[in-house]
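**Student:** Next one to model:
(one chain, ligands or ions: 1)
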Amino acid sequence: MSADEIKAKAEVKAKKTVNPREVTVDPATQQMLEKAAKDGVETIFDRAITMKPCNIGEQGTCCKNCSQGPCRLPLPKKGIEGKDERKGLCGATPETIAARNFARMVAGGAAAHSDHGRGVAEVFLAAARRETEDYHIQDIEKLLEIAPDFEVATTVIVDGQEQERDVYEIAVEVGEKALAEWGKQEGEIYYAKRAPEARYKLWQDLDVVPRGIDREIVEIMHRTHMGVDQDYRNIIKQCSRAAIGDGWAGSMIATDLQDILFGTPYPTQGEINLGVLKADHVNIIVHGHEPLLSEMIVVAAQSPEMLDYAKQKGAKGIILAGMCCTANEILMRHGMPIAGNYLQQELAIVTGALDAMVVDVQCIMENIANVAQCYHTKVITTNPRAMIESGDTVHIEFDEHHALEDAKKIVKTAIDNFPNRKAEAMIPAAKEKMVVGFSYEAINYHLGGTFRGSYWPLNDNIINGRIRGIGGVVGCNNARTTHDEGHLIVVKELLKNDVIVLTTGCNAMACGKAGLLTPEAAKVYCGPGLAEVCETVGIPPVLHMGSCVDNSRILMAATQVVKAGGLGKDISDLPAAGSAPEWMSEKAISIGHYFVTAGVYTVFGVGLPVTGAPRFQKYLFEELEDIYGGMWDLVVDPYEHAQKMIKHIDKKRKALGLDKGKERVLMDMADRQKLDAA
Ligand code: MSK
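**Tutor:** Numbering: from 1, shown residues only. Alright, predicted model coming up:
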């Protein structure tokens with residue numbers, strides 16, 4: 001081999017090595033990537049460099065729905081000249097193929113959220129029937145609030161007198177009706193009527209109100225089978241039913257019943273990043289999505305029995321931290337720390353200080369089992385739906401009927417592993433404080449005060465222009481783009497332009513790590529109007545609303561804004577936009593589509609597998625606006641991404657007549673009633 005060849009090969013190899021500063025903006029992640037390289041441990045960041053995505057799959061035009069393919073229909077290098085002649089073996093156009101693939105992502109995402117919701121509904125019903133001792137009805141106020149939505153009476157007439165019904169009797173009826181939403185075959189899901197009236201009517205006119213949660217997902221799988229639905233517009237109509245079934249049923253029921261079982265979140269303080277782990281403690285991370293498990297592990301890890309046992313093994317205590325959306329759940333309700341977001345899961349193990357990573361469902365990388373073999377960490381799977389074949393994974397199945405017992409077994413396994421630490425632990429110092437837990441009920445309270453909780457002060461500040469609009473920024477990390485960078489640029493651009501941000505999922509964690517979830521952030525990052533409002537009310541400019549299923553809280557917050565008056569009759573009238581700058585999971589596509597069908601302009605970053613089918617892309621990005629008032633968009637550059645959201649917000653402000661500077665007017669009740677009637 002010549003010297004030049006050797007040099008060229010070395011250059012290629014050098015390029016294939018992860019530069020921590022290029023792949024993440026988070027200092028803890030950078031530090032752990034350096035340690036991983038030193039320890040010879042491969043992570044997703046390495047594989048993202050060595051393995052490139054398939055460019056046909058990226059365009060959405062690879063069909064493998066029958067065995068005559070895969071039929072691959074990439075866009076010609078020169079683009080389409082004249083008629084698009086591309087066809088699969090059966091004649092499927094790029095539009096049909098891309099729409100089918102898109103629909104299957106909606107089905108996958110809606111199924112994941114909804115199956116989570118089904119599990120919660122089952123446990124809720126078991127608690128209501130008192131079949132389990134470990135779960136109870138905690139938030140009675142919320143139970144009574146949602147019961148009418150399921151047409152469940154909260155009072156009963158006895159001897160001509162109206163009396164309150166027994167709470168557990170109400171809960172059983174709510175639980176049964178909620179659980180039946182999955183298998184319902186006809187009619188409408190109950191919560192569709194929670195949407196603003198105009199939106200609900202539009203869905204009825206378009207014939208997209210879901211009949212039942214499971215039915216709409218199954219129908220996507222049928223329609224996208226070989227030789228069934230071959231009109232991309234008709235396929236998207238079915239996506240709308242399934243996605244609405246996710247946002248306004250599967251996810252929304254999950255959120256509501258979790259709140260009733262574990263408490264509705266209200267603002268609380270917490271800490272985030274790998275620096276929350278402690279070298280002299282037993283460190284346990286709960287990773288995944290379902291709070292059914294993590295709630296019990298919180299109880300087990302705080303029990304004197306387990307704390308004593310940890311001390312017997314030489315530890316000073318137990319640190320229980322969360323990762324991904326489980327983290328959001330236990331943080332919001334118990335103030336438990338968050339170790340990190342999706343792309344940090346392998347790196348938590350690389351610290352060498354993690355005694356157990358306990359996982360349930362969704363967003364769990366199979367490679368954690370391989371990384372764990374390089375250290376001493378026990379990976380414990382707990383859900384019969386999600387086992388890991390790789391590595392030395394332990395399975396301790398979690399059953400709601402003896403939940404606390406199972407949780408103690410899991411915590412004990414972690415404690416027993418504490419003396420097995422192999423390498424010197426290295427825990428990054430980086431951690432940040434944050435304020436989290438802004439359920440839509442909490443926002444109501446914070447804005448309006450104890451006696452007159454209301455979204456009106458928010459509307460008032462949008463009308464007077466202090467707040468330009470609302471941005472919902474959510475979603476995952478994606479190893480194809482710099483970790484957390486897109487999230488932070490989009491959010492900071494919005495804040496600078498007086499757009500208040502509602503967040504969930506891994507975006508919420510990126511914001512937390514960067515210090516954006518504190519009231520003090522308002523002064524540093526916001527335009528003058530938004531800063532003034534946040535400082536007056538004492539809230540962070542980015543409101544942490546929870547986990548992925550809690551995007552349903554954003555739907556409810558948007559509905560409350562419409563109902564508070566003065567900003568139009570429907571969600572599509574609001575100066576608001578949605579965003580997922582670093583999305584990666586199918587759930588994000590389902591969420592994106594339920595926001596679009598709710599009337600929200602929704603921008604995704606990284607890429608969307610629709611670009612190989614230009615007519616389908618135009619349908620999603622432009623034509624859906626005429627149908628739903630909301631549409632999809634793809635903007636990879638995060639600055640431009642935020643600017644397009646702001647442009648849309650301004651368009652809506654103009655349509656509402658809010659584009660001219662207004663004098664601040666103090667409104668009395670009569671003025672508000674006039675606005676409500678307008
Ligand atoms: S955890 S779905 S990576 S937000 Fe909900 Fe984060 Fe996305 Fe998983």
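**Student:** Domain parsing of the protein, as residue ranges.
**Tutor:** 3-55, 94-262, 274-420, 432-677 (automatic domain parsing).
**Student:** Relative to residue 77, which of these is closest?
**Tutor:** domain 3-55 (10.9 Å; C-beta to C-beta). C-beta: built from backbone N, CA, C; applies to glycine.
**Student:** gap between that closest one and the chain center?
**Tutor:** 28 Å (C-alpha atoms, centre = their mean, to the nearest Å).
**Student:** Is there proximity between that domain and the ligand?
**Tutor:** No: on the criterion C-beta under 6 Å from any ligand atom, domain 3-55 is out of touch with the ligand, staying 12.0 Å away.
**Student:** One more: stretch 250-268?
**Tutor:** No: Stretch 250-268 is not in contact with the ligand by C-beta under 6 Å from any ligand atom; minimum separation 11.3 Å.
**Student:** buried residues in that stretch?
**Tutor:** Residues of stretch 250-268 classed as buried: 250-265, 267-268 (neighbour count, 16 or more other C-beta atoms under 10 Å).
**Student:** quick revisit: right, so of the domains of the chain, which gets closest to residue 81?
**Tutor:** Closest among the domains of the chain, using C-beta to C-beta: domain 432-677, at 12.3 Å.
**Student:** what's the spacing between the closest one and its chain's center?
**Tutor:** For domain 432-677, the distance to the chain centre is 14 Å (C-alpha atoms, centre = their mean).
**Student:** what's the answer for stretch 332-349, then?
**Tutor:** 15 Å.
**Student:** Stretch 66-75 spans what distance, first to last residue?
**Tutor:** Using C-alpha to C-alpha, to the nearest Å, the end-to-end distance of stretch 66-75 comes out at 21 Å.
**Student:** What of stretch 480-488?
**Tutor:** 16 Å.
**Student:** again, but for stretch 458-470
**Tutor:** End to end - C-alpha to C-alpha - stretch 458-470 spans 10 Å.
**Student:** how about the residues of the protein near the ligand?
**Tutor:** 289, 324-325, 341-342, 363, 475-476, 505-506, 547-548, 585, 587.
**Student:** repeat that for 5 Å
**Tutor:** Within reach of the ligand by C-beta under 5 Å from any ligand atom, the chain has these residues: 324-325, 342, 363, 476, 505-506, 548, 585, 587.
**Student:** most surrounded residue in the residues you listed?
**Tutor:** In terms of neighbours by other C-beta atoms under 10 Å, the residues of the chain next to the ligand top out with residue 506 at 35 neighbours.
**Student:** For that one, give me its contacts.
**Tutor:** Counting by C-beta atoms under 8 Å, 6 or more residues apart in numbering, residue 506 touches 324, 341-342, 475-477, 487, 582.
**Student:** measure the closest residue in space to residue 617 that isn't next to it in sequence to residue 499 for me?
**Tutor:** Spatial nearest neighbour of residue 617, chain neighbours left out: residue 610 (4.7 Å); criterion: C-beta to C-beta, 6 or more residues apart in numbering. With distances taken as C-beta to C-beta, to the nearest Å, residue 610 is found 26 Å from residue 499.
**Student:** Show the contacting residues for the residue nearest the centre of the chain.
**Tutor:** By C-alpha atoms, centre = their mean, the chain has its centre lying nearest to residue 548, at 2.3 Å. Neighbour list for residue 548: 113, 251, 289, 325, 362, 474, 504-505, 587, 591 [criterion: C-beta under 8 Å, 6+ apart].
**Student:** Name the residues that touch stretch 184-194?
**Tutor:** Under C-beta under 8 Å, 6+ apart, the answer for stretch 184-194 is 149-151, 177, 181, 200, 203, 209-213, 215, 244-245, 248-249, 252-253, 556, 559.
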